[in-house]
Structure formats: C-alpha cells, structure tokens
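Novice: Sequence first, then the predicted structure:
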Amino acid sequence: MARRGKLRIYVGAAPGVGKTYAMLSEAHRRVERGTDVVVALVEHHDRPRTQVLLHGLEQVPRQEIRCRDGVFGEMDTDAVLRRRPQVALVDELAHTNVPGSRNEKRWQDIEELLDAGIDVVSTVNIQHLESLGDVVESITGVRQRETVPDAVVRRADQIELVDMAPEALRRRMAHGNIYAPDKVDAALSHYFRPGNLTALRELALLWTADRVDAYLRRYRDEHGIRSTWHARERLVVGLTGGPEGSTLIRRAARMAAKSSGSEIMAVYISRADGLTSASPRELAAQRTLVEQLGGTFHHVIGDEVPAALLDFARGVNANQIVLGSSRRKSWQYVFGPGVGATVARDSGPDIDVHIVTHDEVAKGRGLPAARGARLGRSRMVAGWLIGVLGPILLTLGLAQPESGAEFASDVLLFLSVTVLAALVGGLLPGLFSAAFGSLLLNFYFARPIHQWSIAEGHNVVAIVVFFAIAVAVATVVDRSARRTQQAARLRAESETLTLLAGSVLRGEDTLGALLERARETFGMESAALLETDPDRRHWTCVGSVSVPDQTPARPLLTPEDADVDVPVGEHATLALSGRKLPAEDRRVLTAFALHAAAVLDRQRLKSEAHRAHKLAEGNRIRTALLAAVSHDLRTPLAAIKAGVSSLRSDDVAWSEEDEADLLESIEQGADRLDQLVGNLLDMSRLQTGTVEPLIREMYLDEVVPTALGGVPEGSVDLDIPETLPLVAADPGLFERVVANVVENAVKYSPADRQVLVRASSLGNRVELRVVDRGPGVPDSEKARIFEPFQRYGDTPRGNGVGLGLAVARGFTEAMHGTLDAEDTPGGGLTMVITLPAARIPGPAPSEETSAEGRATHAPGARSR
C-alpha cells in the first residue's frame with residue numbers, strides 16, 4: 001500500500017501574521033536539504049516580501065477556469081499529481097474553489113495529494129475553523145463564509161502556530177505590509193481592532209494548546225499511561241486550620257492552572273463535637289493565600305466533617321476535592337478510618353478525591369474520624385457493645401472451673417469493663433453495664449452460686465461499691481462530653497465571629513455577601529434582611545440570597561415566612577429559611593444580624609455621601625463655569641454690542657458693504673453665543689440627570705448630514721453606506737453629538753486635510769468614526785479631554801469653554817452608546833461613536849432620499 005503523505009499546517013490568528021511567509025521559508029530550508037519542493041498554489045496578495053520568497057522555487061502553473069464573465073486561477077491538481085514532488089505548498093486551506101473545479105474545497109484537493117503520497121504544507125486562519133464560526137462572528141461581527149472541518153486540521157501530522165502581538169500586527173497593517181493603502185483605515189477600524197485581534201489570538205492559542213493535549217493523550221494511550229486530564233474543573237480544598245493548608249491550596253492552584261476556567265474554593269468546617277487544633281492565624285493566612293490565587297474561602301458548621309464537606313462540594317457543583325493526608329498517629333486509626341477515607345468512600349463517581357501528602361503527615365492532630373452528636377454515633381454504638389457483650393464474655397471466661405479467680409478479682413474485672421463502656425459510650429452504656437454486671441456477679445460468682453441471694457456480707461459491699469464506682473465514672477464521662485461539646489461550640493462561634501470581623505477589616509461590606517455568608521454558615525436555603533415601617537404593618541426586603549443552581553426557595557417577604565428570624569433594632573429583621581436552628585446558634589446569628597444592619601446603614605451612608613459628592617461636583621462645575629464664561633461669553637456680547645452701536649450711530653454714514661459686514665459680525669457673535677449657551681444648558685442637564693432620550697429607530701443618513709451644517713464647506717468627507725441598519729437613538733441628541741465631535745475635529749485638523757466621517761456596522765452595533773489628521777492626543781490625555789472645561793493643547797480661550805466633548809460623551813452614554821478616542825494611523829485622532837443597532841431592521845432608504853438629504857443638509861460635506 002502506498003505511503004500517505006504528511007500534512008503540515010501553519011495556523012494564524014488573523015491575516016498578515018506571517019503564515020505564508022513561514023511556509024515559504026520552510027520550503028527554502030527543505031530545498032537546501034535536497035528535498036523536491038514545488039509551489040502548487042501560493043497567494044502572495046501583492047506583498048513584496050512574500051513575492052521575494054517565491055523566487056527560486058518551482059511553481060506549477062495554475063488552471064484557468066471560466067466562470068460567469070471572468071477567468072479565475074485555481075490549483076491544477078492533475079498537474080501536481082503528474083509532477084509528483086516530495087512536498088507541495090498549498091496556501092489557504094479553507095478556500096472555496098471556483099465552480100467547475102475538480103473539487104468544491106481546496107482541502108479536498110489536498111486530500112488527493114496526500115493520498116498520492118505527496119507531503120503538503122498549507123496555511124489556515126483560526127477563524128476559518130468550522131466549530132469556531134459562531135464565536136468568531138460574535139467577536140468580529142463578520143460571518144466567515146469559507147470554513148474547513150475541524151477534523152481535517154486535527155488530522156494534520158504537524159501544526160505550528162504563527163503568533164504575533166496585536167500591536168505589532170496593527171503596525172504592520174499601518175505600514176502597508178498587509179493591505180493596500182486605501183484599505184488600511186477601514187481594516188484598522190473594523191476587523192483589525194486591538195480587541196478583535198486579542199480575542200482571535202486567544203482562540204488560536206487555546207485551540208493549539210488543545211491540540212497539544214490531544215498529542216499527549218495519544219502518547220499516554222500508546223504507552224499505557226492512565227489519563228488524568230480535566231477541563232474547566234471546580235476544586236474544593238478541605239482545610240483543617242493546620243499548617244498543611246497552604247500546601248493543599250498551592251497544589252489545588254497548580255491543578256486548576258492546567259484547565260481553562262477552573263475555580264478553587266477552600267472550605268473550613270467547624271464541628272460541634274470535634275477537638276481539632278484549628279489556628280485562627282493559620283486560617284487567616286490560608287484565606288489570604290487562596291484569595292491571592294483567585295479562589296474563594298468558605299466557613300461551614302457541620303456536625304460530621306465528611307458529610308458537611310461532601311454537601312458543600314455538591315452544593316457548589318464541584319467535581320474534585322483536595323484533602324491532605326491525615327496528621328493522626330497510626331494507633332489513632334482504631335477509632336475510625338478518618339475524614340479522607342470517608343470522603344473518598346462516599347464521594348461517588350461524580351467527585352474525584354485527591355489526598356495530598358505534606359510535611360505534617362502522621363505528626364498528630366489530624367482530621368478526626370466522622371462523629372455524630374455529643375460523643376458521636378460510633379462511640380455510642382461501641383459503648384453499648386462493650387456494655388452488653390463485655391460482661392457476657394467476661395462471665396463466660398471466668399465461669400470456667402479452671403479460671404481460679406477470686407471474687408475480688410472478678411469484681412475488678414467487671415469494673416474495668418464497665419469503666420471502659422462508660423469511657424467509650426457515656427452515661428447510659430456505663431449504667432447498663434454496671435447494673436448488668438452487678439446481676440451477673442451476684443448470680444454466677446457470689447456464694448451461693450446460681451442464686452440471687454448473697455451469703456457473705458463483704459460480697460454485698462463489693463457489689464455496691466462496684467455499682468457506685470461505675471455510676472460515678474459514667475456520670476463524669478457524660479459531663480465531660482457535655483463540656484467538650486460546649487467548648488467546641490464556643491470555639492466554633494468564636495472562629496465564625498473572627499472571620500466575620502475579618503471580613504469587615506477587609507472591606508467586604510456588601511449586604512449580599514454577608515447574607516450569603518450567613519446562609520452558608522448555618523446551612524440554610526435562603527436568607528433575607530427585612531425592614532418595616534414604624535407601625536410594623538408592611539415589610540420590605542432590602543436584600544436576599546438563596547442556594548445557587550437549585551430550585552428557587554420560597555420568598556421571604558415577612559418574618560412569618562422564615563424558619564428563623566432575629567430582630568435587629570426596632571425596624572429590621574434577619575430572616576432565614578431551610579431548617580430550625582437550635583437556641584445556642586442564635587448567639588452567632590444575632591451577630592450576623594447586627595452586622596447586616598451595620599452594612600445596610602453603611603451602604604446608605606455611602607449613597608448619601610455619593611449624592612453629597614455629586615452636589616459638591618455640581619458646585620465645582622458651577623464655580624468653574626462662572627470663571628470660564630467671564631471671558632468666553634463677554635467676547636460675543638461685546639462684538640454684538642459694538643456692531644449694534646455702530647449701526648445706530650448718526651455720526652458715521654455707513655456704506656451698504658460696511659453695514660453688511662457689521663450685520664455679519666452681529667450674526668456670528670449671536671451664533672457663537674447660542675452655541676455656548678446651548679453647551680452650558682446641555683452640561684447642566686447632564687449634571688442634574690434630567691436628560692431623558694426619546695429613543696426611536698432611525699437611519700444615520702437622517703441626522704449626520706444635518707449635523708455637519710456648522711462646519712466649513714468641503715472640510716468633511718462623508719461616507720455613510722446606504723445598507724447600514726437602523727440605530728436606536730434620539731435624533732436630536734445624536735445630532736448634537738455629531739456636531740460637537742466633527743466641529744472639534746475640523747478645529748484641529750490641517751486646513752488642507754479633510755475630516756473623514758465614516759459609518760459601518762459590526763454585529764449588533766453601528767459605529768460612526770470621525771477621523772482627523774491633526775496633532776493627535778497622547779494616551780495619558782485621552783480621558784481628560786472628555787472632562788468639562790478642558791481644552792487640549794494651546795487652544796486660545798476664545799475657542800469655547802471646553803464643553804463640547806463632555807456634552808457629546810454624556811449624550812452618547814444617555815443613549816446607551818459609547819464615545820471613545822483612538823489614534824489615527826499615520827497621525828491624528830479618531831473619535832468613535834458607537835450606538836446599538838435597532839432590533840427590527842427596516843428598509844434601506846432610497847437612493848434619491850439619501851442623496852437629496854446629503855445635498856440639502858450637508859453643505860460642508862463631500863459625499864462618496
């Protein structure tokens with residue numbers, strides 16, 4: 001069977017990154033090594049550097065195909081097969097062939113070459129991959145018509161990414177190394193935007209990384225290595241408050257870094273009956289570490305650590321749990337398998353459990369075994385087994401004739417079993433073992449044997465003392481368990497309050513975050529802060545949270561809807577639903593309630609401070625306004641006053657020409673004054689928030705030509721395609737925006753260079769770009785030019801108060817659009833006005849209407 005050729009593909013993020021250049025450079029290297037290489041088809045796009053690399057390489061003539069009224073050149077697949085080189089260069093893998101060609105797509109031609117044993121080197125841009133079509137369209141607003149199936153590219157023997165930074169690619173474009181000069185501005189303004197190029201570059205990098213993963217998986221399969229790759233994981237790190245926590249967090253961060261979009265969630269579980277050695281200092285340091293690594297920290301109270309940990313993991317839809325190897329000594333495993341083993345056993349197939357080794361393994365004070373309430377379920381069961389079976393087994397052993405034990409020894413042995421039952425199981429198993437042992441001692445060991453009577457008095461004393469000691473020990477153990485439980489609960493409460501206070505110090509003052517922490521800490525379904533009027537008749541929910549990714553919980557509208565409610569002052573209540581809380585939990589819940597009220601008050605104070613800041617800002621602007629208009633308003637008023645006074649003077653006989661000049665001066669002063677007053681009023685409306693746009697669907701042709709009436713004739717080159725969609729905007733406000741921006745551009749642009757006003761559509765938005773060739777604005781000053789009363793450079797004071805661009809941006813944002821400044825390639829400033837496209841497209845305006853509108857309303861513009 002003939003050897004199939006090998007396919008090598010150069011993948012790029014966008015046109016112009018150098019894919020064809022890299023392919024031709026590789027061809028020259030192979031030719032130097034003696035390889036038979038031919039150029040089956042290369043598109044050089046009139047780029048000089050690419051054309052130079054074609055020199056010295058054999059080229060197969062193209063096949064000319066007639067289609068409709070033209071003749072097109074395509075790759076001559078038959079000629080390449082007859083030539084049968086070792087390597088063929090075929091550019092643009094996703095190209096669609098002209099109708100009448102041998103195959104519909106160029107990649108199908110390449111498949112024939114590969115089947116014939118010819119190695120092929122080709123190129124493709126990432127946006128041409130079929131699976132990425134929707135993603136690319138959402139980024140660039142352009143739907144790719146020429147695509148190639150992903151499987152074709154993935155089958156390639158070698159894939160090489162040709163990468164280039166967006167800034168470098170834009171510089172290459174501006175220098176004319178990619179497109180013709182007349183297409184550079186349009187390309188930089190649309191497809192070759194920095195954001196578009198960055199997103200496409202990320203797609204290319206991620207796709208190539210995925211291909212690398214595929215190679216590694218194949219290698220592991222071939223060598224029998226178990227695959228452990230995961231994507232978009234959510235990892236839960238179980239913390240004990242011990243020193244090993246930092247190791248676990250860093251290990252989880254490394255695991256998350258292997259998959260895009262992974263999330264780390266560290267959780268510390270406070271038990272009501274445990275004796276862990278959680279260090280508040282360690283927990284604080286670990287919380288800081290996990291937050292620095294991009295994760296989140298959670299504190300949960302649970303009676304059983306494994307169950308609480310798994311409940312939390314399932315609640316946040318985690319698929320991996322990271323735990324540390326137990327710090328317990330070997331002998332401590334007799335009390336249970338430990339949290340790690342229990343979690344691994346109960347996690348099920350949907351959650352992977354990772355046990356990570358660390359320096360603290362087997363050094364003591366590790367996570368203890370799972371336990372129930374008080375002494376724990378396992379200890380209670382063990383205590384009852386000892387209390388019931390221990391005396392029976394001891395009786396069977398001592399009742400043998402050969403045992404030879406004295407009655408005093410029998411009492412001590414039974415007392416040992418009873419004490420052990422009390423130590424393990426507490427009061428009830430100890431009492432039962434004492435009573436049961438007393439009966440067995442009386443019946444089987446006290447004379448007369450096998451009778452319920454006792455013949456010797458000292459035996460009666462021994463049995464009574466035995467029973468008293470057993471009861472005393474059981475009582476002490478039970479009280480100790482109660483004190484331990486109380487101490488553990490107080491410690492858990494103090495830890496919760498410490499974390500709550502820490503959140504205040506870290507500035508976590510959002511009400512939603514606090515309510516979520518309260519809901520999470522007490523394991524509730526929902527939490528809300530309710531406020532009422534002074535008469536307590538009507539309740540208002542000022543904030544609420546519920547369990548994410550689950551069926552919505554019932555709404556908490558009044559305290560009666562909650563399972564637990566804690567009053568906060570006279571007019572607020574913290575309400576939670578999900579389960580009833582024990583009385584001892586209400587102390588901590590009260591602290592949450594008080595903190596929630598404080599957060600609410602702080603938010604309201606911030607709101608008041610913000611309003612006060614706006615008032616102060618308004619006062620500042622008014623002060624600046626008075627200072628600015630002292631000259632700018634006086635100048636046109638003085639011109640008007642001088643002109644009127646001259647015309648009314650009887651001392652001078654004015655000619656008709658002089659009168660016309662004076663009237664023109666009066667008119668210009670009035671127009672300038674009108675413009676200044678209009679901008680001042682507009683700025684005042686923006687500052688007071690009284691701008692209410694009347695949004696409707698409109699064409700740019702309806703407004704833009706009218707807005708250019710105030711600029712000199714011939715100073716603007718207008719280019720608005722008639723195929724643009726409708727935009728959603730207020731025509732009056734939009735006209736002011738365009739007028740201010742264009743007048744500013746004309747002011748700074750050289751007299752011999754027209755200002756270009758060009759419109760285009762990108763996806764669900766429409767852009768109007770105002771391009772000037774003036775001195776431009778440094779990046780550090782671009783934000784400042786949109787502030788009120790700011791004039792860039794050495795503009796004389798007579799040219800306005802510096803409100804035009806501030807008003808333009810304010811009006812644009814009021815219409816849900818944006819106004820930004822960009823550098824013009826080759827020098828100058830480009831203002832980009834972006835508006836949302838209307839949802840319902842309308843018919844394009846007629847050619848007669850558009851032409852008439854431009855001719856009538858845009859005397860200063862030259863239409864294309």
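Specialist: That came through fine. Residues are numbered from 1 along each chain as shown.

Novice: quick one: the helices in the stretch 51-200 of the chain?
Specialist: For the stretch 51-200 of the chain, the helices defined by DSSP state H, counting those that start in this stretch cover 77-83, 106-115, 133-140, 150-154, 166-174, 181-189, 194-222.

Novice: Let me know which of these is tucked in deepest.
Specialist: helix 106-115 (a mean of 20; mean count of other Cβ atoms under 10 Å). Glycine gets a C-beta too; all of them are placed from N, C-alpha and C.

Novice: which outside residues touch it?
Specialist: 4-7, 40-41, 75, 77, 80-81, 88, 90, 92-97, 102-103, 120, 122, 148-149, 152 (Cβ atoms under 8 Å, 6 or more residues apart in numbering).

Novice: Please apply the same query to stretch 281-291.
Specialist: Contacts for stretch 281-291 (Cβ under 8 Å, 6+ apart): 237, 239, 241-243, 245-246, 249-250, 264, 266, 268, 296-297, 495, 499, 502.

Novice: for the record, mean pLDDT for that stretch?
Specialist: Average pLDDT, stretch 281-291: 83.

Novice: and if you look at stretch 385-400?
Specialist: 85.

Novice: For that stretch, output the C-alpha coordinates as CSV.
Specialist: Provided in CSV are the C-alpha atoms of stretch 385-400 (Å, rounded to 0.1, in the frame of the first residue of the first chain):
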residue,chain,number,x,y,z
LEU,A,385,-21.5,-3.2,72.5
ILE,A,386,-18.9,-3.1,75.3
GLY,A,387,-21.6,-2.6,78.0
VAL,A,388,-23.7,-5.6,76.7
LEU,A,389,-21.2,-8.0,75.3
GLY,A,390,-18.3,-7.3,77.7
PRO,A,391,-20.0,-8.6,80.8
ILE,A,392,-21.3,-11.7,78.9
LEU,A,393,-17.9,-12.6,77.5
LEU,A,394,-16.2,-12.0,80.9
THR,A,395,-18.8,-14.2,82.6
LEU,A,396,-18.2,-17.0,80.1
GLY,A,397,-14.5,-16.8,80.6
LEU,A,398,-14.5,-16.5,84.4
ALA,A,399,-17.2,-19.1,85.0
GLN,A,400,-14.9,-21.9,83.8
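
Novice: what comes up buried for it?
Specialist: Ile386, Gly387, Gly390, Pro391, Leu394, Thr395, Leu398 (16 or more other Cβ atoms under 10 Å).

Novice: hmm, back to that, of the contacts of stretch 281-291, which belong to strands?
Specialist: Using DSSP state E, Val237, Leu239, Ile264, Ala266, Tyr268, Thr296, Phe297 are the members of these that sit in strands.

Novice: Bridge partners for the fifth one, pull those for me.
Specialist: Applying DSSP bridges to Tyr268 yields these beta-bridge partners: Leu239, His299.

Novice: Got phi/psi on Trp384?
Specialist: phi -70, psi -40 (degrees, to the nearest 10).

Novice: tell me the contacts of the closest residue in space to it that isn't next to it in sequence?
Specialist: In space, and not counting its chain neighbours, Trp384 is closest to Pro429: 4.9 Å by Cβ to Cβ, 6 or more residues apart in numbering. Counting by Cβ under 8 Å, 6+ apart, Pro429 touches Met380, Gly383, Trp384, Ile386, Gly387, Ala421, Ala422, Ala474.

Novice: and the contacts of stretch 281-291, which are buried?
Specialist: For the contacts of stretch 281-291, buried by 16+ other Cβ under 10 Å: 237, 239, 241-243, 245-246, 249, 264, 266, 268, 297, 495, 499, 502.

Novice: May I ask which two of those are separated the most?
Specialist: Pairwise distances among the buried ones among the contacts of stretch 281-291 were taken by Cβ to Cβ; the largest, 21.1 Å, belongs to Ile264 and Glu495.

Novice: can you pull the buried residues of stretch 522-537?
Specialist: In terms of neighbour count (16+ other Cβ under 10 Å), stretch 522-537 has its buried residues at Phe522, Gly523, Met524, Glu525, Ser526, Ala527, Ala528, Leu529, Leu530, Glu531, Thr532.

Novice: Spell out the residue ranges of the helices in the stretch 401-550 of the chain.
Specialist: Applying DSSP H, counting those that start in this stretch to the stretch 401-550 of the chain gives helices spanning 407-425, 427-440, 457-505, 511-521.

Novice: is it possible to export the ones you listed to a markdown table including distance to Val568 and mean pLDDT?
Specialist: Converted to a markdown table, the helices of the stretch 401-550 of the chain look like this (distance: least, Cβ to Cβ, whole Å; pLDDT from 0 to 100):
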| stretch | distance to Val568 | mean pLDDT |
| --- | --- | --- |
| helix 407-425 | 43 | 82 |
| helix 427-440 | 40 | 84 |
| helix 457-505 | 15 | 72 |
| helix 511-521 | 12 | 79 |
